[in-house]
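Undergrad: My questions are about this predicted structure, shown below with the sequence.
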Amino acid sequence: MDKLPGFRDFFPSPIPKKDQWEFDARAYLFNTWRKTLASYGFKEYDGPPVESLELFTKKSGDEIVGQLYNFEDKGGRAVALRPEMTPTLARMVAGNERQYKKPMKWFSIPQLFRYERKQKGRLREHFQLNADIIGEASVAADAELIALLIDVLKAVGLTADDFVIRLSSRDAWQTFFRERAQEGSDEYTFFQIIDKLERTPPEVAREKLSPLGISLEEVQSFIQEGTPTDELSIILSNLQARGLGEFVKIDYGIIRGLAYYTGVVFEAFDKQGEFRAIAGGGRYNKLIHLISDGKTDLPALGFGMGDVVLVELLRSRGLIPEWPSAVDVFCLIEDESLRPQTLGLIQSLRERGIRTDYSLVPQKASKQFRQATDGKIPYVLNIRKPDEVNAELEVTLKRLSDRSEQTLSIADCPKTISNLLSLSLIHI
Ligand code: HAM
């Protein structure tokens, strides 16, 4: 039986086929994300993968609602797999924010589900780093969040030659719309036209804009001029002060598809334009108020970064690292009569946190040794009976990188290996 279209298996490396997904790459990404988020003082949270359908139909907008995996559960409730994390976060915050000092800086790495049509960079499940700041209205928070987004991408080896953050503002578009639109026109309909403008033929865009009383030329020249709002100018200077100015540009071609954004919005793209958006986010100052039915009112902003496009981009730039061995020591059993003593030693090595492997069944020593070399395991040991009768058993410890050897007592073995490993910083 095959997996469903748009879903992935994650295999331990080496992956069986070229187009498959590697668990190690995912673990590498998650570790790097966690490290960078910690450096900005963010705390991790999670929520349920299934929520009431209403949470997502309330304010995400038609695009996401059309992609929902929803069903009725056995208790007759209308539920959905989460297509994004922001509504769950807003729900969690609305009920508990009094317990937390503001601003709350939270992150999560949920698996999300969207019934998308098949296309490059878009699957029916993905993992998405979500970083959000809640309870701070100052534009300093927007700058901090964008700096974080840049640093997350830098941490996986990408540079200003690889990606750019396209920075925009729904406020700017709102002013544009209010000054020009025919009375009674719907603002969100206009935002959706702008969101899809780059993928829409000009004659179709013109047709869609005309009932709103807006011409395509007005829209195009507004994007081309790209005059930053006061807020955007502050963000640019803030990022320049950090030495991150080269990673951002004002681009009103971005407006974001989701309905709940209210102010500054942005998306990260690869510079060569080969891939879909790497990440996207912005301010959503009204969402918590809406989801809490008016009980809580907190400004908020955040971004989401998926694993699919990012891994594709890293692969294409040769930036997926080589994985170090998952095992530190291989215990070779040459003399089966010493298996009990070897098992005792293996137990004490593992209790010290040393990652240890061995052959479960009797095997030729040469085959066992090959298992160690094929797995790039740095150390191999075996217990030996010494030449002198009645003398204590001893351990030969070999370092495979230079084939150097030392002889140890069984008792000294765990400590010596621990020291060697911490010296060579084998553990990641
Ligand atoms: P979004 O733009 O829908 O935003 O998704 C953010 C990122 O998730 C995209 O840029 C893309 O990398 C990835 N992504 C989205 N859909 C898929 C898919 N079907 N397959 C693979 N990757 C995908 C949001 O979800 C907002 N809730 C982000 C946010 C957090 N805004 C504020 N806080």
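TA: Looks like it arrived, so ask away. Remember, it's a predicted structure, so these values are computed and weren't measured experimentally.
Undergrad: wait, what's in contact with residue 216?
TA: 202, 205-206, 209 (Cβ atoms under 8 Å, 6 or more residues apart in numbering). For the C-beta atoms, the positions are set from N, CA and C on the backbone; glycine is no exception.
Undergrad: One more: residue 379?
TA: Residue 379 is in contact with 328-330, 397-400, 417, 420, counting by Cβ under 8 Å, 6+ apart.
Undergrad: just those now: which is nearest the ligand?
TA: residue 328 (35.5 Å; Cβ to the nearest ligand atom).
Undergrad: got any ranges where this protein has weak pLDDT?
TA: Within the chain, the segments meeting pLDDT under 70 span 60-62, 424-428.
Undergrad: swap the cut-off to 50 and go again
TA: 426-428 (pLDDT under 50).
Undergrad: domains of this structure?
TA: Under the assignment automatic domain parsing, the domains of the chain span 10-316, 329-427.
Undergrad: ok, which residues in the protein are in contact with the ligand?
TA: Applying Cβ under 6 Å from any ligand atom, we find that the chain lies next to the ligand at 84-86, 114, 116, 122-123, 126, 128, 130, 132, 258, 277-281, 302-306, 308-309.
Undergrad: Correct me if wrong: residue 278 contacts residue 270.
TA: Yes: using Cβ atoms under 8 Å, residue 278 is in contact with residue 270, at 6.6 Å.
Undergrad: rewinding a little: could you list which of the residues of the chain next to the ligand belong to strands?
TA: Among the residues of the chain next to the ligand, the members found in strands (DSSP state E) are 126, 128, 130, 132, 279-281, 302-306.
Undergrad: Quick check: the two most widely separated of these?
TA: 126 and 132 (17.9 Å; Cβ to Cβ).
Undergrad: okay, these two: which has more neighbours?
TA: residue 132 (25 against 21; other Cβ atoms under 10 Å).
Undergrad: I figured that one hits residue 87, correct?
TA: No: contact between residue 132 and residue 87 fails when scored by Cβ under 8 Å: they sit 11.8 Å apart.
Undergrad: follow-up on the earlier one: switch the ones in strands among the residues of the chain next to the ligand over to JSON lines; also include distance to residue 165.
TA: Below are those laid out as JSON lines (distance: Cβ to Cβ, whole Å):
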{"residue": "126", "distance to residue 165": "20"}
{"residue": "128", "distance to residue 165": "17"}
{"residue": "130", "distance to residue 165": "17"}
{"residue": "132", "distance to residue 165": "17"}
{"residue": "279", "distance to residue 165": "8"}
{"residue": "280", "distance to residue 165": "10"}
{"residue": "281", "distance to residue 165": "10"}
{"residue": "302", "distance to residue 165": "14"}
{"residue": "303", "distance to residue 165": "10"}
{"residue": "304", "distance to residue 165": "14"}
{"residue": "305", "distance to residue 165": "11"}
{"residue": "306", "distance to residue 165": "16"}
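Undergrad: And those, which is closest to residue 42?
TA: residue 132 (8.8 Å).
Undergrad: which one is the closest one nearest to, not counting chain neighbours?
TA: Excluding its sequence neighbours, the residue lying closest to residue 132 (Cβ to Cβ, 6 or more residues apart in numbering) is residue 302, at 3.1 Å.
Undergrad: Please apply the same query to residue 80.
TA: Sequence neighbours aside, residue 70 is the residue nearest to residue 80 in space, at 3.9 Å (criterion: Cβ to Cβ, 6+ apart).
Undergrad: show me what contacts residue 141?
TA: Counted by Cβ under 8 Å, 6+ apart, residue 141 has contacts 103, 133, 301.
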